[in-house]
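*Asks:* Just the structure for this:
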Amino acid sequence: MDIFKSLQISGSGMAAQRKWMDTIASNLANARATRTPEGGPYRRRDPVFQAEPAEEAGGIAIGPSARTGVKVVSINVDTAPPNKVFEPGHPDADADGNVAYPNVSVVEEMTNMIAASRSYEANVQSFNAFKNMATRALDLFR
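*Replies:* I've put the predicted structure just below:
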């Protein structure tokens, strides 16, 4: 196995978690947006992660279930109906006086943010551990 494969794995995890954090930030920023260019209220978004398959490593087959990283394959738009709130004076109110607000739960988004942040930190620690081991290995040759 390539010695730098662990760095690639950690890097792919950090990139995926950063994309998740960006999506969470977008959801939180638009939690009260009643108008979008597509029309209607903002729709909550979620990234879809996929494990990347391992290849042969130096002629040694790793196995069909081995994975070497993660990537974001798409961003899904939530199809749940918007939250209706009775506000007859709002400029976006319908004929019944209801305003369609995004289906974004701030509590759920904050929970997702904590999970993404901790996953990112775990990948950073793995990256730093490899960096420290490599540095110590190089110090042996001095």
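
*Asks:* Make sure residue 82 is actually in contact with residue 40.
*Replies:* Yes - judged on CB atoms under 8 Å, residue 82 makes contact with residue 40 at a distance of 7.1 Å. Where you see a C-beta, it was placed from the backbone N, CA and C, and this is true even at glycine.

*Asks:* Please identify every residue contacting each of these two.
*Replies:* Common neighbours of residue 82 and residue 40, using CB atoms under 8 Å, 6 or more residues apart in numbering, are residue 100.

*Asks:* So these two - more neighbours on which side?
*Replies:* More neighbours surround residue 82 than the other of residue 82 and residue 40, with 19 against 13 (other CB atoms under 10 Å).

*Asks:* Not including adjacent chain positions, what is the nearest residue to that one?
*Replies:* By the measure of CB to CB, 6 or more residues apart in numbering, the closest residue to residue 82 outside its immediate chain neighbours is residue 100, 4.0 Å from it.

*Asks:* and the residue nearest the centre of the chain, what helix or strand is that in?
*Replies:* Closest residue to the average C-alpha location of the chain: residue 20 at 1.7 Å, with CA atoms, centre = their mean. Using DSSP states H and E, residue 20 sits within helix 5-29.

*Asks:* And the pLDDT for the nearest residue to residue 44 once chain neighbours are set aside?
*Replies:* Among residues not flanking residue 44 along the chain, residue 78 sits closest, at 4.0 Å (CB to CB, 6+ apart). We have a pLDDT of 93 for residue 78.

*Asks:* so residue 78 touches residue 46, yeah?
*Replies:* Yes - in this structure residue 78 lies within contact range of residue 46 using CB under 8 Å: 6.8 Å.

*Asks:* what's the spacing between residue 34 and residue 141?
*Replies:* 63 Å (CB to CB, to the nearest Å).

*Asks:* Just want to know which of the two has more residues nearby.
*Replies:* Shown here are residue 34 and residue 141; by other CB under 10 Å, residue 34 has more neighbours (19 against 5).

*Asks:* Verify the stated contact: the more buried one with residue 94.
*Replies:* No - the pair residue 34 / residue 94 is not scored as a contact, 10.9 Å apart, by CB under 8 Å.
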